[in-house]
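> Need a 3D model of the sequence below.
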Amino acid sequence: MAEHRYLIGLGSNMRHVRHGAPAQVLHAALAQLAGDGLAVEVHSPIVNSAPLGPSHRRYANAAAIVRTWLEPEALLAHLKQTEASFGRRAGGMRWRARVLDLDIILWSEGAYAAPGLVIPHPEFRHRAFVLQPASHIAPRWRDPLTGLTLAHLTARVTRPLDPGA
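Predicted coordinates:
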């Protein structure tokens, strides 16, 4: 059994009764993941971003690289359990406000697909709020499907639009 590295995206846009504001929720989630036996190698600074969909609350977002013996589906189950421990309820409206959102973005072994889990995360290439924190800590990590680095993908989604185009 091999040890794996994962790039995890973290997000919050709701205050938690014990942990406080969304940025503090992310710090508490990182501490809980480390306390649960995942090795948090590095995490990004927290950035603020506008919400997707109907939520009106701004998000706190970050990324972390974790090392674990867990296979992808077992890690996903662990992340869902962590979200639930912070009060997140399964189901409901997509993109609603949430105390904690944890997503597997990339995996050191490349691409992976199973019911309910696709790695790399299908939408990460288009989301600056995922790419900016991720490229801060792992700029050379490559998307296994496109071959592009996180730094390159970030540049693509954050470059100013050409007004003459």
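> ok, which stretches of the protein are strands?
Assigned by DSSP state E, the strands in the chain fall at 4-12, 39-43, 47-49, 59-68, 101-107, 112-114, 117-119.
> partner strands of the longest one, parallel or antiparallel?
Each strand pairing with strand 59-68, determined using DSSP bridges, is listed with its direction: strand 4-12 (antiparallel), strand 39-43 (antiparallel), strand 47-49 (antiparallel).
> Would you reformat the strands of the chain as JSON lines and include mean neighbour count?
C-betas here are computed from N, CA, C, even on glycine. Supplementary listing: the strands of the chain in JSON lines, determined by neighbours: other CB atoms under 10 Å:
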{"stretch": "strand 4-12", "mean neighbour count": "23"}
{"stretch": "strand 39-43", "mean neighbour count": "15"}
{"stretch": "strand 47-49", "mean neighbour count": "15"}
{"stretch": "strand 59-68", "mean neighbour count": "23"}
{"stretch": "strand 101-107", "mean neighbour count": "21"}
{"stretch": "strand 112-114", "mean neighbour count": "12"}
{"stretch": "strand 117-119", "mean neighbour count": "17"}
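> With mean pLDDT and distance to residue 139 as extra columns, can I get the ones you listed in a markdown table?
Converted to a markdown table, the strands of the chain look like this (pLDDT from 0 to 100; distance: least, CB to CB, whole Å):
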| stretch | mean pLDDT | distance to residue 139 |
| --- | --- | --- |
| strand 4-12 | 97 | 12 |
| strand 39-43 | 97 | 12 |
| strand 47-49 | 90 | 15 |
| strand 59-68 | 96 | 11 |
| strand 101-107 | 97 | 13 |
| strand 112-114 | 96 | 22 |
| strand 117-119 | 97 | 19 |
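> picking up where we left off before, will you turn the strands paired with strand 59-68 into a markdown table that also has distance to residue 119?
Formatted as a markdown table, the entries for the strands paired with strand 59-68 read as follows, by distance: least, CB to CB, whole Å:
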| stretch | distance to residue 119 |
| --- | --- |
| strand 4-12 | 8 |
| strand 39-43 | 18 |
| strand 47-49 | 22 |
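> Mind pulling up the pLDDT for residue 37?
Note for residue 37: predicted pLDDT of 87.
> Contact partners for residue 109?
Contacts for residue 109 were tallied using CB atoms under 8 Å, 6 or more residues apart in numbering; they are residue 4.
> related to what we said a few turns ago, of the strands paired with strand 59-68, give the one that comes closest to residue 153.
Taking CB to CB as the measure, these were each checked against residue 153, and strand 4-12 came out nearest at 12.1 Å.
> Just the angle for the closest one relative to strand 101-107, thanks.
Computed by axes from the mean of the first three to the mean of the last three CA atoms, to 10 degrees, the angle separating strand 4-12 from strand 101-107 equals 150 degrees.
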